[in-house]
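> no letters, just coordinates:
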């Protein structure tokens, strides 16, 4: 859920375009061949590769930290802000944590081979819908050192071959991780081509990859909106997008004030930089005069700035005498604030006359990611959950629960904002397709 | 599964590009608004609209046949081949059949609202995965008069708004059907914008539609490969493709000869022009000398031409004395024949040394649509079904069973050759997405 901007590196001198096309095409062809092997590889062998990788990560700490230091040096030379350099930085503790996450994925159930449905037709043919890997998945990501391992292990566990294309800022670290992946695969007898890192961040290589629909079956971009948009607009391979979260919380006229305050504080302030944080509060007009000042005071105490529509601003200004700490946090919202993903301690606020207006407002202005209703009225809650067209709709629970781990998936490759194939948290099951296996005794079609 | 070529009509005089963009954008926006209404429309009201449509079709026969006559006139003036004119032609009997298919879709269970899974997390939140409509679906199709109704009713039943863009040759007929759809919707109180036909076949309108990812959630092209390819390459909206079927039948060394003959004849000759027909036969070398002449003779008797690799050609030429009728049907295959979709009474034939070679050959040269193994050996059958990377893999059953009706889906919008979202037959369930509905009692994330 990073949101840095798309980095477009200059072409590397000496690497001609035709060479690049050949290189990336060869990677994709080898990934396709590896995917056919992986699709029938028993669980124990995939897990053995993962466990070997978990051993190799701490054992190779020196190499990994050395590679990382080169990336950090370049980042400082390029005057990257300190918090971005921090994000790039590996440490022995982070490597231990990463190895542990690899062991956790190894311990998860294998999604492949599960029978999803089966039935027998009147003519006697028996049809089984069986979960299978998608095939070859391309992951396009930006500058986080753990993504190479995170994505590789989820693809491997789900029987998919992975082609990884990481960001320029973390290229040396990614290359060192990719070498460990290759080693773990080779040592445990799996195809080394099952996980491949594209060995250049040249944009031409990315453009080539995005057209190789003959070999690559799915592209998952992980990163900022401009990266995702670029990938979606240039790919002839199906893309599963993980776009922004402009998430709403609606405090209904029957909202429990304590519960509303707790959930709103959690959804806005626990981790404001992520996609399932709340960006906008709608309050029913009937309770706004009492509820809104309470919520605003609690938010202000946590340093949240409020960008208000005229009605909510009037209520809060009127109650301002009791809430002097609040006044400095208030401002009139612009039109853009009502569809904004702030990813910061900022909240847009509007008053709505009724539930139906709340629903229509959200279906128009939210990004369809996660919305919450706070109410004691089950009828209102059910209407909200039915009518809101978002991936996750909570009743009296934080929007922050739209998350693979919170769902119990044990792992997460992201949170899909698409409607096809996967919507909401994507775990191992969502990295799979299915096929139909039919058993007959000579049936033909009449 | 039509396979005519992409028709690129000339722009209609007087309709400026900016007008077209505005027109198509307005259609998409209104479809999006209608989709939000449809998503919570009760089953009975959707069925009422369908049943009204079923009444209107025969009642409007005169209008429909008049519109159709205009298309047929133009087709003859444009010297369309007789079999294509035949495909365009409506009749009172065809209209009755169409009305009956509308009633059948009304009688199917509503896919919307079904709980697909539900579970409670340790913190007490209850998560339900619920089937919901995708939203707005664009259907791009060619020249068959029934597709407008077929697609509209499947989208309506599954709660999706539909934008239809049909072919030039059948424009007047489509327009007449679209008017009936609007009438049925309006008379039963559903939004008339739930089904809209783009009122021009101008290519610029299609290009506009394919970029409206803000309002349209899925594009399904139905038609020939060039149409599908054009749509896939120009759409920023996710596309579910229904590509060619280069389907294989593998006769294993333990194949029952009678069963192999029956299934092969059915799969090749019952309807050679459709995507689930067999295009290539692989025969295990161990049984080829006895089995292949038998199969070839049966195929030749049905007028099937065989395009053979050298090994199979040698076997058949040697047995030629007994099979004089066969000789005129035999020829040496070209390399292209081994990946060809003939859609005709033509079959490519190869000998393979073993099961694994059959699997590798199919995974390399088939289109991943439907493959069959004929064998008495369950171990061989299971290995084949596991390792073949196709949407449907049959054992001792015809490839022709890859079909929504044969699966028992009750209806079919097509057969997906994609791996994401839907693979194989697409019925009402496959026209749906899902969302997660979470019930809490004040839970926040720790």
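Happy to help now that I have it. In this text the structure is predicted, and so the values were computed from the model without any measurement.
> counting neighbours, what do you get for residue A:334?
Using other C-beta atoms under 10 Å in any protein chain shown, residue A:334 has 10 neighbouring residues. C-betas here are computed from N, CA, C, even on glycine.
> so how far is residue A:346 from it?
Residue A:334 sits 12 Å away from residue A:346, going by C-beta to C-beta, to the nearest Å.
> can you check which residues contact both of these two?
Common neighbours of residue A:334 and residue A:346 (criterion: C-beta atoms under 8 Å, 6 or more residues apart in numbering or on different chains): residue A:307.
> up against chain B, what does the stretch 101-250 of chain A have?
Within the stretch 101-250 of chain A, the positions near chain B by C-beta under 8 Å from any C-beta of the partner chain are A:119, A:121, A:125, A:127, A:132, A:134-135, A:213, A:217-218, A:232-233, A:236, A:238-240.
> and the helices in the stretch 201-350 of chain A?
A:203-209, A:225-234, A:257-269, A:288-301, A:310-318, A:324-327 (DSSP state H, counting those that start in this stretch).
> what sits up against the lengthiest helix in chain A?
If you go by DSSP state H, chain A has its longest helix at helix A:17-38. Outside helix A:17-38, the residues within contact range by C-beta under 8 Å, 6+ apart are A:46, A:133, A:135-136, A:156, A:159-163, A:190-194, A:196, A:198-200, A:202, A:204-205, A:208-209, A:212, A:214-216, B:363, B:387, B:389.
> what subset of those is buried?
A:46, A:133, A:135-136, A:156, A:159-163, A:190-191, A:193-194, A:196, A:198-200, A:202, A:204-205, A:208-209, A:212, A:215-216, B:363, B:387, B:389 (16 or more other C-beta atoms under 10 Å in any protein chain shown).
> so of those residues, which ones are in helices?
Those of those lying in helices (DSSP H): A:46, A:156, A:204, A:205, A:208, A:209, B:363, B:387.
> for residue A:75, state which of the residues you listed is nearest.
Checking these against residue A:75 with C-beta to C-beta, the nearest one is residue A:205 at 21.7 Å.
> out of the residues of the stretch 101-250 of chain A next to chain B, who's nearest residue A:431?
Nearest member of these to residue A:431, counting by C-beta to C-beta, is residue A:134, at 6.4 Å.
> if I pick that closest one, what's in contact with it?
When contacts are counted by C-beta under 8 Å, 6+ apart, residue A:134 touches A:158, A:160, A:217, A:218, A:431, A:432, A:433, B:419, B:420.
> picking that back up, could I get the ones in helices among the buried ones among the contacts of helix A:17-38 as JSON lines with pLDDT?
Below are those laid out as JSON lines (pLDDT from 0 to 100):
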{"residue": "A:46", "pLDDT": "98"}
{"residue": "A:156", "pLDDT": "98"}
{"residue": "A:204", "pLDDT": "92"}
{"residue": "A:205", "pLDDT": "94"}
{"residue": "A:208", "pLDDT": "96"}
{"residue": "A:209", "pLDDT": "97"}
{"residue": "B:363", "pLDDT": "97"}
{"residue": "B:387", "pLDDT": "98"}
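> of all the residues you listed, which two lie farthest apart?
Spatial extent of those (C-beta to C-beta) is set by the pair A:204 and B:387 at 35.3 Å.
> and the residue lying closest to residue A:194 once chain neighbours are set aside, what pLDDT?
In this structure, residue A:194 finds its nearest non-sequential neighbour in residue A:34, 4.4 Å apart by C-beta to C-beta, 6 or more residues apart in numbering or on different chains. What the model reports for residue A:34 is a pLDDT of 98.
> equivalent analysis for the one 3 residues further on, please.
The pLDDT attached to residue A:37 in the predicted structure is 97.
> next one: residue A:1
At residue A:1, pLDDT is 35.
> again with residue A:318
Residue A:318 is assigned 85 on the pLDDT scale.
> could you do residue A:160 as well?
Taking residue A:160 on its own, its pLDDT is 98.
> how about the one 3 residues further on?
If you check residue A:163, the pLDDT there is 98.
> verify the stated contact: it with residue A:136.
Yes. With contact defined as C-beta atoms under 8 Å, residue A:163 counts as touching residue A:136 (6.6 Å).
> where do the contact lists of the two overlap?
A:28, A:31, A:216.
> could those go into CSV alongside pLDDT?
As requested, the shared contacts of residue A:163 and residue A:136 are arranged in CSV below (pLDDT from 0 to 100):
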residue, pLDDT
A:28, 98
A:31, 98
A:216, 98
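> find the residue closest to the residue in the stretch 151-300 of chain A that chain B sits nearest to in space, skipping its chain neighbours.
Here the residue of the stretch 151-300 of chain A nearest chain B is residue A:266; by C-beta to the nearest C-beta that distance is 3.5 Å. Spatial nearest neighbour of residue A:266, chain neighbours left out: residue B:444 (3.5 Å); criterion: C-beta to C-beta, 6+ apart.
> who touches that neighbour in this structure?
A:262, A:263, A:265, A:266, A:267, A:270, A:397, A:398, A:400.
> could you redo the last one with a cut-off of 10 Å?
Contact analysis of residue B:444 by C-beta atoms under 10 Å, 6 or more residues apart in numbering or on different chains lists A:259, A:262-267, A:270, A:397-398, A:400-401, B:123.
> which of these are buried, as a ChimeraX select command?
Of those, the buried ones go into a single ChimeraX selection, burial set by 16+ other C-beta under 10 Å:
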select /A:259,262,263,264,265,266,267,270,397,398,400,401
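> for the contacts of residue B:444, work out which two are farthest apart.
It's A:264 and B:123 that sit farthest apart of the contacts of residue B:444, by C-beta to C-beta, at 18.0 Å.
> so where's chain A uncertain?
Counting by pLDDT under 70, the ranges of chain A that qualify are A:1-16, A:320-325.
> off-centre distance for the longest strand anywhere in it?
As assigned by DSSP state E, the longest strand anywhere in chain A is strand A:432-443. Remark: strand A:432-443 is offset 33 Å from the chain centroid, using C-alpha atoms, centre = their mean, to the nearest Å.
> stretch A:216-225 now?
Centroid separation for stretch A:216-225 versus its chain: 10 Å, with C-alpha atoms, centre = their mean.
> buried residues in it?
By neighbour count on 16+ other C-beta under 10 Å, the buried set for stretch A:216-225 is A:216, A:217, A:218, A:219, A:220, A:221, A:222, A:223, A:224, A:225.
> tell me how chain A divides into domains.
A:17-234, A:247-405 (automatic domain parsing).
> starting at the chain centroid, how far to the shortest one?
Distance, stretch centre to chain centre, for domain A:247-405: 23 Å (C-alpha atoms, centre = their mean).
> cool, stretch A:130-149 as well?
Its chain's average C-alpha position is 11 Å from that of stretch A:130-149, according to C-alpha atoms, centre = their mean.
> quick one: end-to-end length of that stretch, please.
28 Å (C-alpha to C-alpha, to the nearest Å).
> which residues does the residue of the stretch 251-400 of chain A found nearest chain B bridge with?
As assessed by C-beta to the nearest C-beta, chain B sits closest to residue A:397 within the stretch 251-400 of chain A, at 2.7 Å. With DSSP bridges applied, residue A:397 shows beta-bridge pairing to residue B:443.
> okay, buried residues for the longest strand of chain A please.
Within strand A:432-443, the residues that count as buried by 16+ other C-beta under 10 Å are A:432, A:433, A:434, A:435, A:436, A:437, A:438, A:439, A:440, A:442, A:443.
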